[in-house]
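**Q** No sequence on hand, only this structure:
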């Protein structure tokens, strides 16, 4: 009985500290997905240049719609699942090539996390430098992490074909193409009044 009370007390203290830094309601918004959304989003990520692709974010009453209602809305479910799948796939590749050690999984996880954090900070700094205000960090995290979907797809093709050059081609076309498509179509546009000063 005393252990249960102690556990509840510790949980409430920790959740109070976490809620000071992270808005749980905002986090919940980025995880509202369903299987239909996940399928459409992965298709959109792997084949971004399909004809009739609408990249506009949908709004309802001036508010952004949750990911399950808008395929263009960034979510955190797909990036986290793709990130973890990527780490496990790299571990599998190391194991199949005879270079496996348990500490390698931790090294892959921490170094990949560090690079993602660095990328988010660079993107946030670039947006700040260009004076684009109000872009949530969680959306930047999602947009920077969608690349893992293409990377996992490339690793799977490498496992199936065994050819590293094919892996590089797939990563180059899927990963870079998806990155450019997302970059050009998901960041808020910077509108300049071209021609407004003409008389």
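**A** Thanks, I have the structure now. This is a predicted model, so every value here is computed, not measured. Numbering: from 1, shown residues only.
**Q** make it CA atoms for all contacts and neighbour counts henceforth
**A** Fine.
**Q** Can you check which helix is longest in the chain?
**A** Identified as the longest helix of the chain according to DSSP state H is helix 102-129.
**Q** Which positions in that helix come out as buried?
**A** Using 16 or more other C-alpha atoms under 10 Å as the test for burial, helix 102-129 gives 105, 108-109, 116, 119-120, 123-124, 127.
**Q** Report the distance from that helix to the chain centre.
**A** 12 Å (C-alpha atoms, centre = their mean, to the nearest Å).
**Q** Check stretch 61-69 too.
**A** On the basis of C-alpha atoms, centre = their mean, stretch 61-69 sits 18 Å off its chain's mean C-alpha point.
**Q** now the end-to-end length of it.
**A** By C-alpha to C-alpha, to the nearest Å, the extent of stretch 61-69 from end to end equals 14 Å.
**Q** Over to stretch 49-66?
**A** 23 Å.
**Q** For it, which residues meet the burial criterion?
**A** Across stretch 49-66, burial judged by 16+ other C-alpha under 10 Å covers 55, 58, 65-66.
**Q** circling back to that earlier point, tell me the one of the buried residues of helix 102-129 nearest residue 8?
**A** Distances from residue 8 to the buried residues of helix 102-129, taken as C-alpha to C-alpha, are shortest for residue 109 (30.8 Å).
**Q** what residues does stretch 119-129 touch?
**A** By C-alpha atoms under 8 Å, 6 or more residues apart in numbering, the residues outside stretch 119-129 that reach it are 133, 137, 140-141, 144.
**Q** List buried residues within those residues.
**A** Buried among the contacts of stretch 119-129 (16+ other C-alpha under 10 Å): 140-141, 144.
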